[in-house]
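> From the sequence below, what's the structure:
(2 chains)
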Amino acid sequence: MKLSEYKLERNAFGRLVAIGKDQIYESIIPVRAFPITAADEGIALVDGHGHEVTWIDNLVELPESERTLIEEELASREFMPEIKRIDKVSSFATPSTWQIQTNRGETSLILKGEEDIRRLSLATLLITDSHGIHFLIRDRLMLDHHSNRLLDRFL
Amino acid sequence: MHSNTSDLLHLVPTDFPSAWNRQIEPALINHEQVIAWLETDLDHQLHFSPGLIVLTTRRILGRMADNEHWQAWQYQQNMKLAYQDHAGICSIELSDTSARLARWHCTLSKQQVVDQLIIHFIRRINALDTQAVLPAGGAAEQASNNQNTAGNDDSEAAHAHDQEAISTPPSTWTLFRLWRFARPYKWQLFTGFMLMLGSTAAALVPPYLTMPLMDNVLIPYQNGHPIDVNLVIFYLSGLLGAAIVAWILGWARTYVLARISERIGADLRTTTYEHLLKLSQAYFGGKRTGDLMARIGAETDRINLFLSLNLLDFATDVLMIVLTVIILVSIDPWLALITLLPLPIIAWLIHLVRDRLRVGFEKTNRVWAEVNNVLADTLPGIRVVKAFAQEVREIERFRAVNQRNVEINDRVNKVWALFTPTVTLLTECGLLVVWIFGIWQVSQDHITVGVLTAFLAYIGRFYLRLDSMSRIVSATQKAAAGTKRIFDILDHVSSVPEPVKPVHLPAIKGHIELRNIGFRYGTRRVIQNFNFSIEPGEMIGLVGHSGSGKSTLINLICRFYDVTEGAILIDGIDIRSLPIADYRKHIGLVLQEPFLFFGTIAENIAYGKPDASRKEIIAAARAAHAHEFILRLPYGYDSLVGERGQALSGGERQRISIARALLIDPRILILDEATSSVDTQTEQEIQGALDNLVSGRTTLAIAHRLSTLQEANRLIVLDHGKIVETGNHAELMACQGHYYQLYQSQSRSSDNEESSIEPGNLSDIRGNRV
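The predicted structure is shown next:
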């Protein structure tokens, strides 16, 4: 199953549709296989029932128009703010409220316990707040000194 | 007489047990030769008592130690020698067709010799048929027998080694075994020691300076002389200088030595863990997780603390005392002698308490491990605890163990509490003696006031040191106990040893041969006389009641345990001659309860091949029918799964573990109840994954549901560790034996199951997650 066998379109309801030779898949959802470690590598298009329709090894391989379609769809579905700076934490004991700046603006999160900070790799951390929203710290070494010092108290 | 003995040397082999040599001599008649023997160690009432069974060229002889005479039987064609074992005891019976002739008993340690004896006996009886009892043949047999007994000795020695050493309270000498870990740091240690010497010496300067301060400044002033300011400045700057030097050297010493001890501790921990992971499955079966965790975690930490703090202090104290003694004696030998009088008493006291504390601390360690065990038992099984509403009971269990912990610590503390005040009392008494003797000496003008002041200043430090030194006793005992428990692990030789001369097999075809294997778990014989050969690519189903030895067989093939008899051969090579890790690389294992490590799904799939590319991981997941459900997870392959993969259903976890097995592309595949813990619908999904996995590989599958094994090329039906039937499904159904009965009873019960199944069982739990 190659993507070239399908034509990708957005229908009147704003949903993606994959049109194959003898079949039409509605409500196509693009899903990243490795959203954190390799976001652009491996994207599956799945139908409304969760079955895989086709597989894309890398977004770069796609023609411009389809790539934008998929990227738009992904952007509308993904919500994982990346923490850029930690301004203030209410206390070093959990639960603790953090004032943070993310790539999606300024906000605060409530950390329930240290175990909600998960180490994805040496420098990548995933923080789950009390509402289940995931905040990503892609590279903690890239954070400024102040944020790192605050963060360090929880690790 | 002389000639007689030389004759006898021919008749009785040289390695014949010497204790029996004199008894066997007169019993042998007509130049018969001793072929084999068995030293029994139990009498008829099963009391420990030596005995001997001897096979000669013509007869079988038996005698117990307390019997006067040998019993003997000529070989007869209808004679039988058989043995059976029960609860660790072998019973050997000699019988003919009409009656039992004799019976002997021995412990299982002799079991292999018993086997040999019976083989020799059967050979003799068979030889009666052909009437070809040649002396030369006898000699050859003798040689082979010798070899066999030698081999047995080896394996027995290995067994003995495998058993836990009988625990005795650890001696302080155990601590010296830590040298193995300290050796890499010996130069740093030497530097640290030198720093210690320097700092201790510097600390001893101030009391020495009180002497001239008193005699040359204060006393003359009292006698009307003015104070010599320059002299005062000189002495006081000496005091300050010594203090600063002591401070710098003390800091450097503590830093250097603490650094080393931290590294020694880390090495110790890693080495122990490394060794532990290489031990066989059998070791883990007999140990509790909490205990092992305590050993590697808490004990190494305790040793570390001992090395960095207590030992350092102790060494400083000893140095301090030695240097003080030297200084005191150099100032005034008599006063020094009086000062040192309480020292032997304190030393004796330390020795007295030491033994009690040693036993006490061993106990506290053990009870601490018990506390850990309760935690390790309960927390992983928390669902069961809650389901049966047994929280209160578990809390009670914890409380009880904790109470024991308190009690044992109380007992130790009682001894301990008395100890320190006693040392302090002795210190005060010692000071009193010095005062009395000192004042008397001053009044006699033997010493100056300055000397007495210096002495008192020194003694203050001196006894203070003795007091803190006494504290080392408990720390040493604790550390020694900890070291012993660590070395218990390190000294444990794996019962699945690495081969001395490993044979490397880069690629295997997957032919498995089980040649006459037997396995004994403790005293229980789990598998016996097992002969089977599996062709490459063949799928074998293992069928039988639980306890029939299916899982044991799998464990043997994986080499989690070693066979006690016979051999398992892969492509014609004994698996014991292959490096263990290399061998296991060829095996893919899918268990009933798939274990997922903490990490991402991708990491879990790539567990057996950490350098696998993302493409490979996805391909494996696809083949395992796991790809789609992984994509449905919020972070796809980057989703984290917990300790036991809490967020995934049983079927999902199982498919991840199938992907894990697929990724390493093993030639041999073992499915141990891979689909037993999931419902029938999930089973069908998994079955599709399994079919991908099985194709082209030598497969051994255990399954409770016989229906899942119908595609197997051959089925082996086991009962009590023996093969009772083999053949494919149709053949076995046709012969209406064991398998037929199993199948019938199962299809009956599954019919009932099917009708009573609830729709709720099949609902997807994923709703909870997204």
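
> Just the CA trace of stretch A:37-45, in PDB.
Taking Å, rounded to 0.1, in the frame of the first residue of the first chain, the C-alpha atoms of stretch A:37-45 are listed here in PDB:
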ATOM      1  CA  THR A  37      11.600  10.600  19.300                       C
ATOM      2  CA  ALA A  38      11.200  11.000  15.500                       C
ATOM      3  CA  ALA A  39       8.100  13.100  14.700                       C
ATOM      4  CA  ASP A  40       8.500  13.100  10.900                       C
ATOM      5  CA  GLU A  41       9.500   9.500  10.500                       C
ATOM      6  CA  GLY A  42       6.700   7.000  10.100                       C
ATOM      7  CA  ILE A  43       3.200   8.400   9.800                       C
ATOM      8  CA  ALA A  44       0.300   6.100   9.400                       C
ATOM      9  CA  LEU A  45      -3.000   7.100   7.800                       C
END
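
> residue furthest from the geometric center of chain A?
Going by Cα atoms, centre = their mean, the residue of chain A most distant from its centre is residue A:22, 33.0 Å out.

> So what does that one look like in phi/psi?
Backbone geometry at residue A:22, expressed as degrees, to the nearest 10, gives phi -130, psi 10.

> and what of residue B:571?
According to degrees, to the nearest 10, residue B:571 has phi 50, psi 40.

> any idea of the pLDDT on it?
For residue B:571, the pLDDT comes out at 87.

> so it touches residue B:511, yeah?
Yes. Here residue B:571 reaches residue B:511: they are 5.2 Å apart, a contact under Cβ atoms under 8 Å. Quick note: C-beta positions are derived from backbone N, CA and C, even for glycine.

> So for the two, which sits in the more crowded spot?
Using other Cβ atoms under 10 Å in any protein chain shown as the criterion, residue B:571 and residue B:511 rank with residue B:511 on top: 19 against 15.

> what about the more buried one, distance to chain A?
38 Å (Cβ to the nearest Cβ, to the nearest Å).

> where does chain A come near chain B, residue by residue?
A:31-38, A:41-42, A:44, A:46, A:50-52, A:57, A:118, A:120, A:126, A:134 (Cβ under 8 Å from any Cβ of the partner chain).

> Just the buried ones among those, please.
Using 16 or more other Cβ atoms under 10 Å in any protein chain shown as the burial test, the residues of chain A next to chain B include A:31-37, A:41-42, A:44, A:46, A:118, A:120, A:126, A:134 as buried.

> ranges for the helices of the stretch 601-750 of chain B?
Secondary structure of the stretch 601-750 of chain B (DSSP state H, counting those that start in this stretch): helices at B:601-605, B:614-623, B:627-632, B:650-663, B:680-694, B:729-735, B:738-756.

> taking the buried ones among the residues of chain A next to chain B one by one, which sit in strands?
A:31-32, A:41-42, A:44, A:46, A:118, A:126, A:134 (DSSP state E).

> circling back: for chain A, find the nearest of the helices of the stretch 601-750 of chain B.
helix B:627-632 (4.7 Å; Cβ to the nearest Cβ).

> ok, back up a step: confidence-wise, which of the helices of the stretch 601-750 of chain B is weakest overall?
helix B:738-756 (a mean of 70).

> so how far does stretch B:637-655 reach from one end to the other?
14 Å (Cα to Cα, to the nearest Å).

> now do stretch B:695-709
14 Å.

> Averaging pLDDT per element, find the lowest-scoring helix or strand in chain B.
helix B:135-162 (a mean of 38; mean pLDDT, DSSP states H and E).

> Mind picking the lowest-pLDDT entry from the buried ones among the residues of chain A next to chain B?
For these, the pLDDT minimum is residue A:120, 73.

> Distance check, that residue against residue A:86.
Distance, residue A:120 to residue A:86, by Cβ to Cβ, to the nearest Å: 18 Å.

> likewise residue B:390?
Residue B:390 is 43 Å from residue A:86, by Cβ to Cβ.

> Looking at the two, which is more packed in?
Neighbour totals were compared for residue B:390 and residue A:86, and residue A:86 leads with 21 against 15 (other Cβ under 10 Å).

> show me the residues around the more buried one that make contact.
For residue A:86, the contact set (Cβ atoms under 8 Å, 6 or more residues apart in numbering or on different chains) comprises A:98-100, A:143, A:146-147, A:150-151.

> go on, residue B:46?
Taking Cβ under 8 Å, 6+ apart as the test, what residue B:46 contacts is B:89, B:105.

> Which per-residue confidence value corresponds to it?
Taking residue B:46 on its own, its pLDDT is 76.

> and it, which of the three is it?
coil (DSSP: H, G, I helix; E, B strand; the rest coil).

> same question, residue B:303
Assignment for residue B:303 (three-state DSSP): helix.

> Between all of the ones in strands among the buried ones among the residues of chain A next to chain B, which two are separated the most?
Spatial extent of those (Cβ to Cβ) is set by the pair A:46 and A:118 at 25.6 Å.

> Show me how the record splits chain A into domains.
As given by automatic domain parsing, the domain ranges for chain A are A:3-77, A:83-152.

> Least confident of these, on average?
When I compare the domains of chain A, domain A:3-77 is least confident, with a mean of 81.

> Just give the nearest non-adjacent residue to residue B:502, would you?
residue B:579 (4.5 Å; Cβ to Cβ, 6 or more residues apart in numbering or on different chains).

> is it true that the one you found touches residue B:500?
No. Residue B:579 is not in contact with residue B:500 according to Cβ under 8 Å; the separation is 11.0 Å.

> List the contacts of residue A:7.
Residue A:7 neighbours (Cβ under 8 Å, 6+ apart): A:18-19.

> at 6 Å instead, please
residue A:19 (Cβ atoms under 6 Å, 6 or more residues apart in numbering or on different chains).
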